[in-house]
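Trainee: Generate a structure from the sequence data that follows.
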Amino acid sequence: MRLMEVCTLRLRDLDFDRAQIIRQGKDDKDRLAMLLTSLEPALRGWVTRAERLHEDDLSKEGGYVPVPEAIAH
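Mentor: Here you go, the predicted model:
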């Protein structure tokens, strides 16, 4: 993967079940890269923290931001 692609990864680019990063590259061609299993716990922890922060913001009647279905468990 290119450095800028790594820097702009989104949650929807991660496929934990297949241990892959699927990134839409140039010309609408998907780029596949292995997702190291050693990174999975840290990434899942990050997802959990982001979800909690989002829920906390909503409970404080903060601005609503739709959360993509890709992060639903």
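
Trainee: hey, let's count contacts and neighbours off CA atoms from now on
Mentor: Noted.

Trainee: any idea of the pLDDT on the spatially most central residue of the chain?
Mentor: Closest to where the C-alpha atoms of the chain average out (CA atoms, centre = their mean) is Leu11, at 1.2 Å. Per-residue confidence (pLDDT) for Leu11: 84.

Trainee: Could you report the separation of it from Lys60?
Mentor: Distance, Leu11 to Lys60, using CA to CA, to the nearest Å: 24 Å.

Trainee: Quick check: the gap between the residue nearest to the centre of the chain and Ile22.
Mentor: As judged by CA to CA, Leu11 and Ile22 stand 10 Å apart.

Trainee: same deal with Asp57?
Mentor: 29 Å.

Trainee: neighbour-wise, which of the two wins?
Mentor: Each of Asp57 and Ile22 has its neighbours counted (other CA atoms under 10 Å); Ile22 has more, 18 against 14.

Trainee: Show me the beta-bridge partners of that one.
Mentor: Leu32 (DSSP bridges).

Trainee: what kind of secondary structure is Thr48 in?
Mentor: helix (DSSP: H, G, I helix; E, B strand; the rest coil).

Trainee: quick one: low-confidence parts of this protein?
Mentor: 63-65, 67, 69-73 (pLDDT under 70).

Trainee: Just the element for Asp17, please.
Mentor: For Asp17, there is no enclosing helix or strand under DSSP states H and E.

Trainee: In contact with it: list those residues for me.
Mentor: By CA atoms under 8 Å, 6 or more residues apart in numbering, the contact list for Asp17 is empty.

Trainee: From Gly62, how far out is it?
Mentor: From Asp17 across to Gly62, the span is 33 Å (CA to CA).
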